[in-house]
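A predicted structure for the sequence below; I have some questions about it.
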Amino acid sequence: MVPARKRDRYQNSRRGTHGIRSGMPPRMVVSILSRSVMANHRLQSCVYYTRRRVHARLTQQERFAWGIAAVLFGGSLINYLDRAVLGVIMPQIRRDLGLTNQQYGWAVGAFLVAYMVSYVAGGRLADRLGSRRTISITLLFWSAAALSHALVTGLTTLSAARSLLGFGEAAFYPAAMRAAAGWFPSKDRAKAVGLFLSALSVGTLITPPIVSSVTSRFGWRAAFLVTGGLGVLLLPSWLWLHRRIRRAYGTPDPEPAAEAEVLDTSTNEVPLSRVLRNRQYWCALSARACSDGAWYFYLFWMPGYLQEVRGLSLRTVGQLLWMPYLAAGIGALVGAWASSALIRRGFGLSSSRKAVLLPSAVLSIIGTACCVVPGEALIFVLLSVALFGHQSWSSNIHTVIIEIVPSAHLAVLYGVTGAAGTFMGAVAQLGIGSIVDAVGYRPIFAGVGLLYAMAAALVIGAGRLDRIRRE
């Protein structure tokens, strides 16, 4: 049985009487109430000043910048969702449309060709129209292309829909990089890049359950309608954010961080032809192309390797393969925050980026040993290490590219590096299948490790990573 004193104390606390009991002297009642009011006032003051401190710590530019980064994260996520739907429901589409493996490969190839072309064309468009209008256009374009997949009837219409999707999606990234460079100073720029690159890994995690659930209930055409409509839903938030920016800055598409960093015209009035002949730019471009070629191997061939060579069932692969992609998303954020922390501590821009790029490449090389280790647990550990290192590398190499090129040509020059990476991946796909059929996967893993080693050597060979200037 509960003692009477404890029961009274519990009931008083439930009533909010703060321990006041009947029969207490008035002076004691006043003292207890005063202490309670003062404690409550101190708590409210603490919450109020904490909120003011957090709000004051972020300037108006930083609040707008992180708002833009949030929308770009959503755009990158939807971009990957619309791209990955086809792979998840490929067996159903092939069966209904009567496509062979070769014909399906042609449709995938049509996407890659259009994607490669649009990387450059979209970059040029972003440099001329700005990130606000370019991202609005690309969102509508690729959403319409994704929705059109629900109407395909054969190889021709499927290839056409994939081409339109690739053309619309690739243009998003140069425009997004221009927005990141325009709003984030160098100490925070890699964080923004890492944030919306991590959306690719999030998309890898959520695409299969969403698409399979919709397809099992309503058919594969409905899956394209659901994912294709998401881009249209994101557009109002992007336009609303820029209406607020226009009221604050007087222009709809300012680039305050880029304008603050360009202190002399020698960094901005560099001819495009001059940059395309610059050794530093070509080292960064080649380093990205090498790592992109390795990433396409993991993306397209790793599930098949786990099933065909390691003997895992499709169900087991589906249950475990999320872990390496989760590690990749974490790597994108960790790599970005690490180099930003070094810059904040006073290290130079070049040394800070390289201090993260080179260890990330080493992690990616170590991860390729997953082809020789026994046991599935160790395979997934090393695969997670490899993808963690790759995305940590990607966050910084993408940031390096937009930091060394002049802002007037930023999007198109970034687009050229993206096209080179896509071309490297497409060419690699042509040789991987033949090598696997002839001698197996081990030479491919060795080649992937060599690509990361070459990428690291190119970063070292680039010298000091500074913005290219007019001589």
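Looks like it came in fine.

what about the protein, any weak spots by pLDDT?
Regions of the chain meeting the criterion pLDDT under 70 cover residues 1-57, 101, 258-269, 314, 470-471.

Now do the domain split for it, please.
59-253, 272-471 (automatic domain parsing).

Let me have the ones you listed in JSON lines, adding mean neighbour count as columns.
Yep, even glycine has a C-beta here, placed from its N, CA and C like the rest. Converted to JSON lines, the domains of the chain look like this (neighbours: other Cβ atoms under 10 Å):
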{"stretch": "domain 59-253", "mean neighbour count": "20"}
{"stretch": "domain 272-471", "mean neighbour count": "20"}
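
roughly how far apart are residue 107 and residue 331?
31 Å (Cβ to Cβ, to the nearest Å).

If you drop the residues flanking it in sequence, what lies closest to residue 214?
Closest residue in space to residue 214, ignoring its immediate chain neighbours: residue 223 at 4.6 Å, by Cβ to Cβ, 6 or more residues apart in numbering.

how much distance is there from stretch 370-382 to the middle of the chain?
If you compare the mean C-alpha spot of stretch 370-382 with that of the full chain, they lie 26 Å apart, counting by Cα atoms, centre = their mean, to the nearest Å.

which residues sit against stretch 455-466?
Residues from elsewhere that reach stretch 455-466 (Cβ atoms under 8 Å, 6 or more residues apart in numbering): 279-280, 283-284, 286-288, 290-291, 349-350, 353-354, 357-358, 361-362, 393, 397, 400, 403-404.

change it to 7 Å
Contacting residues not belonging to stretch 455-466 are listed as 280, 283-284, 286-287, 290-291, 349-350, 353-354, 357-358, 361, 400, 404 [Cβ atoms under 7 Å, 6 or more residues apart in numbering].

With stretch 251-260 instead?
Contacts made with stretch 251-260 from outside it, assessed by Cβ under 7 Å, 6+ apart, are listed as 61, 130-132, 181-185, 242, 245-246, 407.

what are the ranges of the helices in the stretch 1-150 of the chain?
Here the stretch 1-150 of the chain has its helices, by DSSP state H, counting those that start in this stretch, at 4-15, 26-57, 60-88, 90-97, 101-129, 131-148.

picking up where we left off before, among the contacts of stretch 251-260, which one lies nearest to residue 84?
Taking Cβ to Cβ as the measure, residue 131 is the one of the contacts of stretch 251-260 closest to residue 84, at 24.4 Å.

Do I have it right that the closest one meets residue 181?
No. Using Cβ atoms under 7 Å, residue 131 is not in contact with residue 181; the gap is 9.3 Å.

rewinding a little: distance to residue 465 for the contacts of stretch 251-260 - can I get that in a markdown table?
What follows is the contacts of stretch 251-260, written out as a markdown table (distance: Cβ to Cβ, whole Å):
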| residue | distance to residue 465 |
| --- | --- |
| 61 | 25 |
| 130 | 26 |
| 131 | 23 |
| 132 | 28 |
| 181 | 14 |
| 182 | 19 |
| 183 | 21 |
| 184 | 17 |
| 185 | 16 |
| 242 | 31 |
| 245 | 30 |
| 246 | 34 |
| 407 | 16 |
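
Return the member of these nearest to residue 159.
Proximity of the contacts of stretch 251-260 to residue 159 (Cβ to Cβ) peaks at residue 131, which lies at 30.1 Å.

Nearest spatial neighbour of that closest one, chain-adjacent residues omitted?
According to Cβ to Cβ, 6+ apart, the nearest residue to residue 131 is residue 179 (3.9 Å).

Who are the contact partners of that neighbour?
Residue 179 touches 68, 72, 131, counting by Cβ under 7 Å, 6+ apart.

Make CSV out of these and add distance to residue 383.
Below are these laid out as CSV (distance: Cβ to Cβ, whole Å):
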residue, distance to residue 383
68, 33
72, 28
131, 35
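
Residue 295 is in what secondary structure piece?
Of the helices and strands defined by DSSP states H and E, residue 295 is found in helix 279-308.

From residue 452, how far off is residue 298?
Distance from residue 298 to residue 452, counting by Cβ to Cβ: 12 Å.

likewise residue 204?
In this structure, residue 204 and residue 452 are separated by 20 Å, where distance is defined by Cβ to Cβ.

again with residue 202
According to Cβ to Cβ, residue 202 stands 24 Å off from residue 452.

for residue 192, same thing?
Counting by Cβ to Cβ, the separation of residue 192 from residue 452 is 24 Å.

Which single one of the contacts of stretch 455-466 is nearest to residue 78?
The nearest member of those to residue 78, counting by Cβ to Cβ, is residue 291 at 24.1 Å.

got the contact list for the closest one?
Applying Cβ under 7 Å, 6+ apart, the residues contacting residue 291 are 390, 393, 394, 397, 451, 452, 455.

So which of those belong to helices?
In helices, judged by DSSP state H, the following of these are found: 390, 393, 394, 397, 451, 452, 455.

what's the spacing between the last one and residue 412?
Translated: residue 455. In this structure, residue 455 and residue 412 are 22 Å apart, going by Cβ to Cβ.
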